[in-house]
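J.: What would the 3D arrangement of this be:
(2 chains)
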Amino acid sequence: MTTDDLIAQLSATAQPVKRLAPPMARAGLWLLAIAGLATVPILLRSNLGVFAERASDPRMALELFATLGTGVAAVIAAFHLSLPDRPRTWALLPLPFALLWIALTGWGCLEFLPEQNQRGWALGQSHYCFFFLLAVGLPLSGLLLLSLRRASPLQPRLVASVGALGAAALAAFILQFFHPFDVTIMDLSTHLAALAILVAVFSLSGRISLAGRR
Amino acid sequence: MTGFEQDRLWARWMAAAQDGDNAAYARLLREILPFLRVLARRRCADPDRCEDVVQDVLLTLHRVRHTYDPARPFSPWLAAICERRSIDALRRRVRQGAHETQNDRAYETFADPAANKDVEANEAAEALKAMIAELPPGQREALELVKVKEMSLVEASQVSGQSVGALKVSVHRALKALRLRVGVSE
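T.: Below is the predicted model:
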């Protein structure tokens, strides 16, 4: 088919389209919807008193801020990256938050190192965190990808990876409401493993899962 | 027209296309072709492959046209799509190059020699048909009746109304003319 024929065909069959809302608005709406969904189990099942007590510690408050910041920044970045003309540097937006999050959690782990040595290196409750992160992170990632695929991203793997990082970080933030103790090295390892699994799964499947409107 | 004015014009046409103005859409797609070809040639030396990339960009633009925000410049949006599609085409080519070996003969011949003969015979028949069509009407008719339909000279004479002698001469001249056309001397 010649290019002229292609143009004739495309222009003859084109239907009016509904423009996508700006990425910030879409990200904000998605985050609000997830906040609404997460509020119910948090109010019903978590111990908000314990959470408030832990959050009064400045280091813990900063860690919570960094975790939530990673999730929010990654979701915003994913919505921007899903559009053709947004630079790839948007992928760096969650990086400072993620580094702060890992550094603060790692610092907390080091403080507990002597106690950890005494208790031993068994997984303990860590497997609960691992499954919680996957159980919450997977549907969150799925919901995010459903919203992102409306833009038919031209770089699906990058968009899916950043989106999965955001979903995993949000799941980690939600976990804090049900995790009434400080993070040990075993916890941190399982958190990072769950995060890596989510990012890897969605990165590898991004080309298929975001290819809905191709 | 400056680049800025051109961009605003394209942005207006694109916004109209999003709203369902197919004439504006056709005008836009035609107008952006030189711009796309210049961008595609930066990553592709082969003109045919460049045109493939341009067509791929047009298809992608069509698919993602709802993502364009008329408040933003149009050219960077279009250039980003073109850049992405050019890189994809380059990667595809590298991937194919790494796993496939070009066999030029494969395009020319079939594995079964009989299939090649059929193709060659069909091509020869088409060429011969074209040459016969260019002969003078009398010679063409004589040749078709006597050599193609394999009639006797008497039968051909009854069908065409030409004398047997005239048919013989016409067939001889027609064959001579065809031999000359295919480069065979007597």
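
J.: Apart from its neighbours in sequence, what residue is nearest A:Leu175?
T.: The shortest distance from A:Leu175 to any residue other than its chain neighbours is 5.4 Å, reached at A:Phe132 (C-beta to C-beta, 6 or more residues apart in numbering or on different chains). Heads up, the C-betas are built off the backbone N, CA and C, glycines and all.

J.: and if you look at B:Asp21?
T.: B:Trp13 (8.0 Å).

J.: so who does that neighbour touch?
T.: B:Asp21, B:Ala24, B:Tyr25, B:Arg27, B:Leu28, B:Glu31 (C-beta atoms under 8 Å, 6 or more residues apart in numbering or on different chains).

J.: how many neighbours does the first one have?
T.: Read that as B:Asp21. 18 (other C-beta atoms under 10 Å in any protein chain shown).

J.: where does it fall, phi/psi-wise?
T.: phi -80, psi 100 (degrees, to the nearest 10).

J.: Okay, it and B:Ala11: tell me how far apart.
T.: 13 Å (C-beta to C-beta, to the nearest Å).

J.: Next one: the residue nearest to A:Leu175, what pLDDT does it get?
T.: Looking at A:Phe132, its pLDDT is 88.

J.: Return the residues of chain B in contact with chain A.
T.: With the criterion set to C-beta under 8 Å from any C-beta of the partner chain, chain B comes near chain A through B:17-20, B:22-23, B:25-26, B:29-30, B:33, B:51, B:54-55, B:58-60, B:62-70, B:72, B:76-77, B:80-81, B:84-85.

J.: Just the ones of those residues in helices?
T.: Within the residues of chain B next to chain A, residues falling in helices by DSSP state H are B:17-18, B:22-23, B:25-26, B:29-30, B:33, B:51, B:54-55, B:58-60, B:62-63, B:76-77, B:80-81, B:84-85.

J.: picking that back up, next, show the common contact partners of B:Asp21 and B:Ala11.
T.: Common neighbours of B:Asp21 and B:Ala11 (C-beta under 8 Å, 6+ apart) do not exist.

J.: sorry, back to before: look up how far chain B lies from the residue nearest to A:Leu175.
T.: Computed as C-beta to the nearest C-beta, to the nearest Å, the A:Phe132 to chain B distance reads 35 Å.

J.: so who does that residue touch?
T.: With C-beta under 8 Å, 6+ apart, A:Phe132 has these contacts: A:Ala171, A:Leu175, A:Phe178.

J.: Tell me where the model's unsure across chain B.
T.: The model of chain B has pLDDT under 70 over residues B:102-116, B:118-119, B:185-186.

J.: got the domain boundaries for it?
T.: Listed by automatic domain parsing, the domain ranges of chain B are B:3-99, B:126-182.
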